[in-house]
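Visitor: Sequence and computational prediction follow.
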Amino acid sequence: HIYKNYKTTNMAMPLVIVLSLLATCQGETISVTGWCDNAVRIQIAPTTAATATPPEEALAGALIEDNCNPGKPQPLDKTFTSGNIEVKVNEKQGLEIKRVDTGEILFSATYKFDVSSTPGYLQANLTLAAGNKNERIYGLGQGNWTPDGGCASPSSVQHVVPYMRNGQYVRLHQRKFHVSIPFVYSTTGYGFLLNMPGYGGVQVGDYGQGGMEWTASAVVGLDMWITAPPSGTKTRVADTIYKNYADATGHAPMLREDAMIFWQSRNRYKSSSIALSIAKRYEQLDLPVGVFVIDYHNQKVDGDFAPNPDCYPSVKNLSSSIRSMLNATTVFSFWPEAKTASAEFNVLKKNNCLINSDLGGLAIDATSKHCRQLIWEQFLQPRYYNEGVTAYWLDETDGEGTAGGDGELGYNTSFGPPEFASNLWVNNWIRTFTEPVASMGQLEPLALTRGVWAGGQRYGVVLWSSDIESTFEELTVQVPLGVHASMSGIPWWTSDVGGYGCGSAQPNNSTYMQELIVRWYQFGLFCPVFRTHGCRRGQQEPDVAPCVGVSGSCGPNEVWSYGSETQKILESYIRMRHGLKGYIKELAENVTAYGVPTMRPLWYEFPNDEQAYGVNDQYLLGPDYLVAPVTIQNATSRSVYFPSGSSWQHVFDKSVVEGGQRKVIQAPIENFPVYKRV
């Protein structure tokens, strides 16, 4: 009523006061901040405030000020404009988000607060009604393909998650296999981040309906960030959205050059002597290995923050020898727990760095700056970094094991209860290892992780898809996951090439495993990161004194582990990846500068080709390589769609296909359909 009267009279009253009165009636106060060019942050706080008072670092969520210089929030007047995006209070007492240059409504937003089951907090519901009901939604992280916890569930209950998220429900509670990230790209031409690091979910409207229904379980207000393309933009709209998202949440640092080529890993090298014998053989084969990984249980007890000296007597000798033989980075694995028997348990406890149960001990509270500094300065820097280990594998970073088993508790940190801020824990754990490396300025930070949240790309992460079966069905499911991660702002992604195993691995000398490892190497060859890993069926490494009584190794997972004929093929792919290093480096430079995705749906480069939108088993690696993995057992051909507007040359046989058609392409075991744009 007040708003209507204001429009029809000449009251000399600032509109902000009228709106403030209106907000008091509704119970909300809306503030807006221009956050990067053509972008806005909207924060909505109910007058009946939550009693919890989280720290400012928690309230910042994924957003950083470094690239945007956002200034102070201001009360929302009738409209607010930031470049080419406009926020308006509409007559339905909601918000209308518009693209200024075209006048197109991107979406309208309504919201509601309610009582939360978490004391001191509120529950929030946010409805986005699409301006264009035919919008297609992408992003939301990596998940929804298998149930929570353990090893990936049997193939019978897994499924391929289409690139387009329309019609899907995504739970925002991070769990093993479910690396949910509350960022979406809409083909209407906007990016949207629900800047809320707690639990909740989103239901994406069906195609033809559009829009989204977001819920947040424990909040003190609503916080969202929205961006539109610059005025006049008609082509490559997605590029502008991802550039703005990177500006707002942090650009991924340059991928370390070692990480651009092949990574050798397995479950697990039990000692330095075994690891060095493997590295020596790769050296003799003259194979370009960039990263060599020492897997989990390398400490006597998690929380020692030092390798078991009986098995790894000199970290410096191990890392320098691998550098000498292979010119490769050495990586050690860490779990984010401290067991009571660990060497550093008492130090961590005394410094209030331990929180709820996790795995077999207590989780480490990485949200505390004091704890991050303590771990780096007292443990990691002197025992690893100064000894030549400058990159780290951060396993179990998805909440698995909290509250026992695959419990759902999450992390009860200095930021607040899990329902409010658990998803922020993982980025802070990662930064414990990578921020100091970046600050020294000598090497690019590098961390392989099983979990990450919005903004985590700025800490130098490589995300992988966790413990997965060694089956063709699993390989089929993996193909879209990297695209989902990349379209969610996490550019560097990998899977366990060959599958982790999870009880499904067949013997290395079986025809099934020989075919599977080749087809998975082909996929890995054209992934952003090419890394093999797994727990194979076969002879385990023997105990050799003094390294005895430690975790088993599983069977071998090296190029020579699958027979001589298979070895020839695998070696060719490792060399081929080295030949692609220049392309990967150029892609990495663009990722760092502009925030572009690495694995792209076909439509990303060909938005006017309607047929490109329905393809979920192919992708583009960067702008130029069209990748169509073979994921069906015994297949020797597959159907491939070639986007319109370009010609495509087969990487192996050099044949050329004109775009705008679908063809069946031969795929003998030694190669597969991968084409370069010409």
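Guide: Arrived safely.

Visitor: count of neighbours near residue 457?
Guide: Residue 457 has 28 neighbours, counted by other C-beta atoms under 10 Å. Every residue, glycine included, has its C-beta placed from N, CA and C.

Visitor: Tell me if I am right that it is in a strand.
Guide: No. Per DSSP: H, G, I helix; E, B strand; the rest coil, residue 457 lies outside any strand segment and is helix.

Visitor: Tell me how far it lies from residue 181.
Guide: For residue 457, the distance to residue 181 (C-beta to C-beta, to the nearest Å) stands at 10 Å.

Visitor: How about residue 336?
Guide: In terms of C-beta to C-beta, residue 336 sits 19 Å off from residue 181.

Visitor: Give me the more crowded residue out of the two.
Guide: Per other C-beta under 10 Å, whichever of residue 336 and residue 181 has more neighbours is residue 181, with 30 against 27.

Visitor: How about the secondary structure of the residue nearest to the more buried one when sequence neighbours are not counted?
Guide: Spatially, and ignoring its direct neighbours in sequence, residue 181 is nearest to residue 141 (3.6 Å; C-beta to C-beta, 6 or more residues apart in numbering). State at residue 141, reduced to three classes by three-state DSSP: strand.

Visitor: got any residues that touch both of residue 457 and residue 181?
Guide: When contacts are counted by C-beta atoms under 8 Å, 6 or more residues apart in numbering, residue 457 and residue 181 are jointly contacted by 489-490.

Visitor: Between its first and last residues, how far does stretch 394-411 reach?
Guide: Using C-alpha to C-alpha, to the nearest Å, the end-to-end distance of stretch 394-411 comes to 16 Å.

Visitor: Pull the distance from it to the chain's centre.
Guide: Relative to its parent chain, stretch 394-411 has a centroid offset of 17 Å by C-alpha atoms, centre = their mean, to the nearest Å.

Visitor: Start the count at 30 instead of 1 going forward.
Guide: Taking 30 as the first residue, the last one we looked at is stretch 423-440.

Visitor: residues of it that come out buried?
Guide: Residues 423-432, 436-440 are the ones in stretch 423-440 that count as buried (16 or more other C-beta atoms under 10 Å).

Visitor: ok, so of those, who is nearest residue 405?
Guide: Nearest to residue 405 among the buried residues of stretch 423-440: residue 423, at 13.5 Å, using C-beta to C-beta.

Visitor: Double-check residue 648 against residue 514; I have them as touching.
Guide: No. Applying C-beta atoms under 8 Å as the test, residue 648 and residue 514 come out as separate, 11.6 Å apart.

Visitor: Looking at these two, which is more packed in?
Guide: Per other C-beta under 10 Å, whichever of residue 648 and residue 514 has more neighbours is residue 514, with 29 against 26.

Visitor: CA-only coordinates of the helix or strand where that one lies in CSV, if you can.
Guide: Assigning secondary structure by DSSP states H and E places residue 514 in helix 501-516. C-alpha atoms of helix 501-516 as CSV (Å, rounded to 0.1, in the frame of the first residue of the first chain):
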residue,chain,number,x,y,z
PHE,A,501,32.9,-50.3,-18.1
GLU,A,502,29.7,-49.2,-16.5
GLU,A,503,31.7,-47.0,-14.1
LEU,A,504,33.8,-45.6,-17.0
THR,A,505,30.5,-44.6,-18.8
VAL,A,506,29.3,-42.8,-15.7
GLN,A,507,32.6,-40.9,-15.3
VAL,A,508,32.5,-39.0,-18.6
PRO,A,509,30.0,-36.4,-17.6
LEU,A,510,31.4,-35.8,-14.1
GLY,A,511,34.4,-33.8,-15.3
VAL,A,512,32.1,-31.6,-17.4
HIS,A,513,29.9,-31.0,-14.3
ALA,A,514,32.9,-30.0,-12.2
SER,A,515,34.3,-27.7,-14.9
MET,A,516,31.0,-26.0,-15.5
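
Visitor: in stretch 379-398, what counts as buried?
Guide: Quick answer for stretch 379-398 (16+ other C-beta under 10 Å): 380, 382-397.

Visitor: now do stretch 368-381
Guide: 368, 371, 373-374, 376-377, 380.

Visitor: what about stretch 439-459, average pLDDT?
Guide: In this model, stretch 439-459 has a mean pLDDT of 96.

Visitor: State the three-state secondary structure for residue 199.
Guide: strand.

Visitor: OK, contacts around residue 355?
Guide: 308, 311-312, 318, 321.

Visitor: Now it: phi and psi?
Guide: phi -120, psi -10 (degrees, to the nearest 10).

Visitor: Residue 667 contacts residue 697, correct?
Guide: No. Using C-beta under 8 Å, residue 667 is not in contact with residue 697; the gap is 11.6 Å.

Visitor: Which of the two has more residues huddled nearby?
Guide: Neighbour comparison, residue 667 and residue 697: the larger count goes to residue 667, with 19 against 10 (by other C-beta under 10 Å).

Visitor: Angles on the backbone of the more buried one, please.
Guide: phi -160, psi 160.

Visitor: ok, how many other residues are close to the closest residue in space to residue 489 that isn't next to it in sequence?
Guide: Of all residues not flanking residue 489 in the chain, residue 474 sits nearest, at 3.3 Å (C-beta to C-beta, 6+ apart). Neighbour count of residue 474, defined by other C-beta under 10 Å: 25.

Visitor: quick one: the helices in the stretch 80-229 of the chain?
Guide: Here the stretch 80-229 of the chain has its helices, by DSSP state H, counting those that start in this stretch, at 85-89.

Visitor: quick one: contacts for the residue most central in space within the chain?
Guide: Computing the C-alpha centroid of the chain and ranking residues by C-alpha atoms, centre = their mean puts residue 519 first, at 4.3 Å. With contacts defined as C-beta under 8 Å, 6+ apart, the neighbours of residue 519 are 170-171, 208, 210, 481, 485-486, 490, 492.

Visitor: for those, which one is nearest residue 196?
Guide: Checking the contacts of residue 519 against residue 196 with C-beta to C-beta, the nearest one is residue 170 at 16.7 Å.

Visitor: ok, back up a step: from the buried residues of stretch 423-440, which is closest to residue 509?
Guide: Once C-beta to C-beta is applied, the member of these that ends up nearest residue 509 is residue 427, at 18.8 Å.

Visitor: what about the strands in the stretch 480-629 of the chain?
Guide: 490-493, 522-523, 628-629 (DSSP state E, counting those that start in this stretch).

Visitor: The stretch 280-429 of the chain too?
Guide: Counting by DSSP E, counting those that start in this stretch, the strands of the stretch 280-429 of the chain are 291-293, 318-323, 358-363, 366-367, 383-387, 390-393, 420-423.

Visitor: For residue 381, give its distance to residue 399.
Guide: Distance from residue 381 to residue 399, counting by C-beta to C-beta: 8 Å.

Visitor: Oh, that last question was meant for residue 625, not what I typed.
Guide: Residue 625 is 36 Å from residue 399, by C-beta to C-beta.

Visitor: can you check residue 673 too?
Guide: From residue 673 to residue 399 the distance is 57 Å (C-beta to C-beta).

Visitor: just residue 107 next, same as before
Guide: Distance from residue 107 to residue 399, counting by C-beta to C-beta: 45 Å.

Visitor: what's the answer for residue 513, then?
Guide: 35 Å.

Visitor: The two: who's more crowded?
Guide: residue 513 (28 against 12).

Visitor: so the residue lying closest to that one once chain neighbours are set aside bridges to which residues?
Guide: Closest residue to residue 513 apart from its sequence neighbours, by C-beta to C-beta, 6+ apart: residue 171 at 5.0 Å. For residue 171, the beta-bridge partners under DSSP bridges are residue 208.

Visitor: Am I right that residue 171 is in contact with residue 208?
Guide: Yes. Between residue 171 and residue 208 a contact is recorded at 4.5 Å, counting by C-beta under 8 Å.

Visitor: Give me the residues contacting the helix or strand in which residue 69 is found.
Guide: According to DSSP H and E, residue 69 maps onto strand 68-75. Here strand 68-75 makes contact (C-beta under 8 Å, 6+ apart) with 56-64, 92, 97, 99, 102, 105, 109, 111-112, 114, 116, 124, 140, 142, 151, 224, 249-257, 273, 276-277.
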